[in-house]
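Engineer: just to be clear, the model below is a prediction. Sequence and coordinates:
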Amino acid sequence: MATFQYEAMDNTGLEVKDTIEANSEQEAQSKIREKGFFVTKIAEKGRGKKTKEGGKTKGDAKTSADGKKKVAAKKKKGGGFSFGGVSGKKLCTFTRQLSTLQDAGLPILRSLRILEGQCKPGPLKSSLQGVIEDVESGSTLSEAMSKQPKAFDNLYVNMVKAGEAGGALEVILQRLAEFKERAESLKRKVKGAMIYPCAVITVATLIVGFIMYYIIPKFKKIFDDFGTELPGMTVLLINISDSVVNYWYLGPAAPFALWLMLKIIKKNKTGAYVVDWISLRIPLLGMIFKKAIVARTCRTLGTLIASGVPILEALSITRDTAGNTVFYKSYEHIIAAIREGETMAVPLRETRTVDEMVVNMVDVGEETGALDNMLYKVADVYDEEVGVLVEGLVNLLEPLMVVCLGLIVGFIVIALFMPLIKLLNDLS
């Protein structure tokens, strides 16, 4: 029997380093998993350290070098350096295709080459070329993907790592594809619902701006020529028009300045917390933001737990994908409490960032050992509620926009015709 050195993580997220005797590396991994550990690195004693599925010995040096040369030649032909990240839609399609190829029994390297070959030049193709090169060099798929942060985030890498450790990569990729598809579906639903009100507001702003910039100054000239005393509404309208003519550049600059100011504020931890706290308390919009974050984080955590990622590591990844400082701090509190031996439900209730229903479902999930299923159910409910709230917001915006536009147009018309009526009366 051979002796294997290994590094692993236990259920609490603590690192374990030890040795184990086994006839083969696969047997060693099975024995380590039976102890409840998550293998991160393993190597036979006396050989170079290697990871779960990869590794490189002296005998593989030539093959590795040949692999690198092939990929280098590919890079010269096609991809290489590229700007920007990979869009969610492309990554979603890639994950589903990779899942299908793995389910069909194709080797991972061949699957990656097939998908890289059909990719158009861009960030995803470049990232896949890097992954193929690293896998050919002896790295595991998760290690190779971790070197391509433009395409594969921590969630993606850790789920692939869990799939490699459990020998069920095709199942994990299927779960990952479903997760990505649901996330993209929610994004499309929200964006699609907001297109109409955004388009109406933009067109209305441009029309009112045109009236203020071109039409009102002509009326002002007419009023000045007649030398009549103007009503207060007309004076106010002309002053607004003068401001638009003299400071028109503030229109496009103001939103950019607001966006830049928020970015600068969010660089500071306290400022970021204040901005995110306020955003969660905006009427109706705050509720949409909150429920969308709860849905996303619950689905992320449920997917990671179902994939075999240790609870503390899963919570850390979920914390980083929250996208809101208030929820980030809440997950930090939960992680600290679990390290001290608490269940997840108790610190979650203490944070007061989620509804009591979520806390109770998490509590039941922990008691029954079906936490991942409970988190999926919470995510499904909140996804549905986000869709309903967005639809309600759009339905509310339509009459509000009509009323606001009516008031603006009415104000302009009355302000322009009051002095004209007075002039006609004076002339008669």
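Structural biologist: Okay, I see it.
Engineer: which stretch of helix or strand covers Ala8?
Structural biologist: Following DSSP states H and E, the helix or strand that holds Ala8 is strand 2-9.
Engineer: that strand: which residues count as buried?
Structural biologist: By neighbour count with 16 or more other C-beta atoms under 10 Å, strand 2-9 contains the buried residues Phe4, Gln5, Tyr6, Glu7, Ala8, Met9. For the C-beta atoms, the positions are set from N, CA and C on the backbone; glycine is no exception.
Engineer: that strand: what's the following helix or strand?
Structural biologist: Taking DSSP H and E, what comes next after strand 2-9 is strand 15-22.
Engineer: can you give the contact residues for that next one?
Structural biologist: 1-10, 28, 31-32, 37, 40, 45 (C-beta atoms under 8 Å, 6 or more residues apart in numbering).
Engineer: domains in this structure, by residue range?
Structural biologist: Structural domains annotated on the chain: 2-44, 59-152, 182-379, as defined by automatic domain parsing.
Engineer: with mean pLDDT added, can I get those domains in a markdown table?
Structural biologist: Below are these laid out as a markdown table (pLDDT from 0 to 100):
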| stretch | mean pLDDT |
| --- | --- |
| domain 2-44 | 77 |
| domain 59-152 | 73 |
| domain 182-379 | 86 |
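Engineer: and those domains: which comes nearest Leu176?
Structural biologist: Leu176 lies closest to domain 59-152 among those, at 5.4 Å (C-beta to C-beta).
Engineer: for the buried residues of strand 2-9, which one is nearest Asp363?
Structural biologist: Scanning the buried residues of strand 2-9 for proximity to Asp363, where the rule is C-beta to C-beta, the winner is Met9, at 25.4 Å.
Engineer: Met357 is in what secondary structure piece?
Structural biologist: Going by DSSP H and E, Met357 is part of helix 356-368.
Engineer: please save the CA atoms from that helix in CSV.
Structural biologist: Extracted C-alpha coordinates of helix 356-368, given in CSV (Å, rounded to 0.1, in the frame of the first residue of the first chain):
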residue,chain,number,x,y,z
GLU,A,356,-39.7,35.5,9.5
MET,A,357,-40.9,33.1,6.9
VAL,A,358,-37.3,32.7,5.5
VAL,A,359,-35.9,32.2,9.1
ASN,A,360,-38.5,29.5,9.8
MET,A,361,-37.9,27.6,6.6
VAL,A,362,-34.1,27.7,7.2
ASP,A,363,-34.8,26.4,10.7
VAL,A,364,-37.0,23.5,9.4
GLY,A,365,-34.4,22.8,6.7
GLU,A,366,-31.6,22.4,9.3
GLU,A,367,-33.8,20.2,11.5
THR,A,368,-34.8,17.9,8.7
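Engineer: what packs against that helix?
Structural biologist: helix 345-351, helix 371-427 (3 or more C-beta pairs under 8 Å, 6 or more residues apart in numbering; DSSP states H and E).
Engineer: quick one on the thing from earlier: turn the domains of the chain into a markdown table, columns for distance to Cys404.
Structural biologist: Listed next are those as a markdown table, based on distance: least, C-beta to C-beta, whole Å:
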| stretch | distance to Cys404 |
| --- | --- |
| domain 2-44 | 53 |
| domain 59-152 | 34 |
| domain 182-379 | 8 |
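Engineer: of all those, which one comes closest to Asp426?
Structural biologist: Comparing the domains of the chain by C-beta to C-beta, domain 182-379 comes nearest, at 7.2 Å.
Engineer: over to the closest one now: how far is its first residue from its last?
Structural biologist: 10 Å (C-alpha to C-alpha, to the nearest Å).
Engineer: same deal with stretch 109-126?
Structural biologist: With C-alpha to C-alpha as the measure, stretch 109-126 spans 16 Å from end to end.
Engineer: centre of the chain versus it, how much separation?
Structural biologist: 23 Å (C-alpha atoms, centre = their mean, to the nearest Å).
Engineer: now swap in stretch 381-400 and tell me
Structural biologist: The answer for stretch 381-400 is 21 Å, by C-alpha atoms, centre = their mean.
Engineer: pull out the buried positions in it.
Structural biologist: Quick answer for stretch 381-400 (16+ other C-beta under 10 Å): Val381, Tyr382, Asp383, Glu385, Val386, Gly387, Leu389, Val390, Leu393, Leu397.
Engineer: next one: the fourth one from Ala292, what distance?
Structural biologist: So the one you mean is Glu385. Distance, Glu385 to Ala292, using C-beta to C-beta, to the nearest Å: 9 Å.
Engineer: and the second one, by the same measure?
Structural biologist: Distance, Tyr382 to Ala292, using C-beta to C-beta: 8 Å.
Engineer: swap in the last one?
Structural biologist: Remark: distance between Leu397 and Ala292 (C-beta to C-beta) = 18 Å.
Engineer: for the third one, same thing?
Structural biologist: Counting by C-beta to C-beta, the gap from Asp383 to Ala292 is 8 Å.
Engineer: mutual contacts of these two, please.
Structural biologist: With C-beta under 8 Å, 6+ apart, Asp383 and Ala292 have common neighbours Leu186.
Engineer: please name the nearest non-neighbouring residue to Met374.
Structural biologist: Gly365 (3.2 Å; C-beta to C-beta, 6 or more residues apart in numbering).
Engineer: that neighbour is in contact with Val359, isn't it?
Structural biologist: No. Gly365 lies out of contact with Val359 (C-beta atoms under 8 Å); the separation is 10.7 Å.
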